[in-house]
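Peer 1: Have a look; sequence and predicted model below, questions after that.
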Amino acid sequence: MRSFHSLRGYLKKKDVFNRAGLRFSQLVRGRHAFGQPKIIQIETTASCNLKCVMCPHGKDGVFSDGRKAFMTHQEFANVLDKFPKATSVSLQGVGEPMLNPDLPRIVSEAVRRGMETGFYTNGTLLSSGNCEWILRSGLNWIIVSLDAGTPEEFKRIRKGADLNKIMSNLKGLIKAKKELKARNPSVGIMFVAMPSNVNEISSVIDIAVEAGVDWLSIKGCHGGLSSNEKEWAVSEEDFKKLQAAIKTEKAKALTIHMDSREVDPRIRGPKKSRMKCTWAWEKTYISVDGSACPCCYALPELGMSVGNIFTDDFKNIWNNAKYTQFREKIKNEVADVCEKCPLY
Ligand code: SF4
Ligand code: SF4
């Protein structure tokens, strides 16, 4: 009897049943999901100091003026309480997380709970003071978005930002990390590939090498808010340019991840048979107002909220009518929100 109890305790500790439920859900992709998400994304800030061309913030009228700007530390802690199985959290949505005055406490809260914690930033607010709390916070990773490596193109894409300032902030963070001999956070650069910026990859690689980042990641762009596919999806020729750039001698000094599922035009596209996304069965996205959404592209502003975590328990949301209908829909046909998604 004792050994049965210790086996049960061991399985519980290792979260075996939850993992098995999630795995089963990913494989079957039925209406219902089993297990609870281990990975969650929480939009801690919905406001931004930039107006990037590929972002709702850069498209007038997409977001209503009344959008809640920040999630408070208390709201964030209450959200985490509802995800006891989650082990990993990323803290951004459609906004700049570092604008949130509660971000240091939010990071501490997630780290205190033993969660792998990180966020994307546009890099504008990586002042030395902010670098200091970041380096002492236990944050696991931070990614600076850099979609161009020449000042003119950077200014065109990331409206409101200055490349030289971002570079100086990035270098400052890495220098301070070295001085502190800190292991965390790992520091990465994210390059979102679009037809208009593929030629920038070479200069972004230069910056990544010069700054000494831990890795460079290349992803595709979600075109959900653009009307013209050519604005966002890279062509085969563009993809070859990216491939060539990451094989150059200088790029060998870097760890580079290029997610072919998202970038390679030969394997992406709104075809049911190609549907590889498992977001709706294993992860969830919480927006700044508590809306639970199937993924970070299916925003409440697009009518995709499936419930509200501020007012309901996640177990009542995870398999409710809206969530199950969404799963059924994306399994059987292309939902509007998935049509231009690099993960579809
Ligand atoms: S920094 Fe991020 S949230 Fe802000 S406008 Fe650019 S893409 Fe959007
Ligand atoms: S938009 Fe669709 S395909 Fe893309 S991540 Fe969301 S659910 Fe998955």
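Peer 2: Structure's in. What do you need? Ligands and ions are numbered 1, 2, ... in the order given.

Peer 1: which intervals of the protein have sub-threshold pLDDT?
Peer 2: Scanning the chain with the threshold set as pLDDT under 70 gives 1-5, 8, 11-13, 60-65, 223-231, 268-275.

Peer 1: Longest strand of it, counting residues only.
Peer 2: Looking across the chain with DSSP state E, the single longest strand is strand 186-193.

Peer 1: Please name the nearest non-neighbouring residue to Ala182.
Peer 2: Excluding the flanking residues, the one nearest Ala182 by Cβ to Cβ, 6 or more residues apart in numbering is Leu135, at 4.9 Å. (Glycine included, C-beta is placed from N, CA and C.)

Peer 1: typed the wrong thing, it's Pro101
Peer 2: Phe70 (7.2 Å).

Peer 1: In CSV, could you pull the C-alpha coordinates for the longest strand of the chain?
Peer 2: Output in CSV follows, covering the C-alpha atoms of strand 186-193 (Å, rounded to 0.1, in the frame of the first residue of the first chain):
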residue,chain,number,x,y,z
SER,A,186,19.4,34.9,-21.7
VAL,A,187,19.2,37.7,-24.2
GLY,A,188,17.9,37.2,-27.7
ILE,A,189,17.0,39.2,-30.8
MET,A,190,13.8,38.5,-32.7
PHE,A,191,13.7,39.3,-36.4
VAL,A,192,10.2,39.2,-37.9
ALA,A,193,10.7,38.5,-41.6
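
Peer 1: any idea which helix or strand comes after it?
Peer 2: Sequence-wise, the next helix or strand downstream of strand 186-193 (DSSP states H and E) is helix 201-211.

Peer 1: what's the offset of that following helix from the middle of its chain?
Peer 2: A distance of 22 Å separates the C-alpha centroid of helix 201-211 from that of its chain, computed with Cα atoms, centre = their mean, to the nearest Å.

Peer 1: The very next helix or strand once past it pairs with which strands, parallel or anti?
Peer 2: Proceeding N to C from helix 201-211, the next assigned helix or strand is strand 215-220, under DSSP H and E. Strand 215-220 has the following strand partners under DSSP bridges: strand 186-193 (parallel), strand 256-258 (parallel).

Peer 1: Pull the contacting residues for Val28.
Peer 2: Shown in contact with Val28 (Cβ atoms under 8 Å, 6 or more residues apart in numbering): no residues.

Peer 1: May I have the phi/psi pair for it?
Peer 2: Backbone torsions of Val28, given as degrees, to the nearest 10, read phi -80, psi -40.

Peer 1: Near ligand 1, which residues of the protein are found?
Peer 2: Contact residues, the chain versus ligand 1 (Cβ under 6 Å from any ligand atom): 48, 50-52, 55, 57-58, 94-96, 122.

Peer 1: ok, Leu125 to Gly172 distance?
Peer 2: Per Cβ to Cβ, to the nearest Å, Leu125 is found 12 Å from Gly172.

Peer 1: Same check on Asp264?
Peer 2: 35 Å.

Peer 1: now swap in Asp206 and tell me
Peer 2: Separation of Asp206 from Gly172 (Cβ to Cβ): 18 Å.

Peer 1: These two: which has the busier surroundings?
Peer 2: More neighbours surround Gly172 than the other of Asp206 and Gly172, with 16 against 13 (other Cβ atoms under 10 Å).

Peer 1: Tell me which helix or strand that one sits in.
Peer 2: Applying DSSP H and E, one finds Gly172 within helix 163-180.

Peer 1: how far out from the middle of the chain is that helix?
Peer 2: Helix 163-180 has its C-alpha centroid displaced from the chain centroid by 22 Å (Cα atoms, centre = their mean).

Peer 1: List the buried residues in it.
Peer 2: In terms of neighbour count (16 or more other Cβ atoms under 10 Å), helix 163-180 has its buried residues at 163, 166-167, 169-174, 176-177.

Peer 1: again, but for stretch 114-133
Peer 2: 115-124, 126, 130-131.

Peer 1: end to end, how far does it reach?
Peer 2: Criterion Cα to Cα, to the nearest Å; first-to-last residue distance in stretch 114-133 is 18 Å.

Peer 1: ok, now stretch 310-330?
Peer 2: 26 Å.

Peer 1: Kindly reformat the strands paired with strand 215-220 as TSV and extend each row with mean neighbour count and distance to ligand 2.
Peer 2: Formatted as TSV, these follow (neighbours: other Cβ atoms under 10 Å; distance: least, Cβ to the nearest ligand atom, whole Å):
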stretch	mean neighbour count	distance to ligand 2
strand 186-193	22	15
strand 256-258	18	18
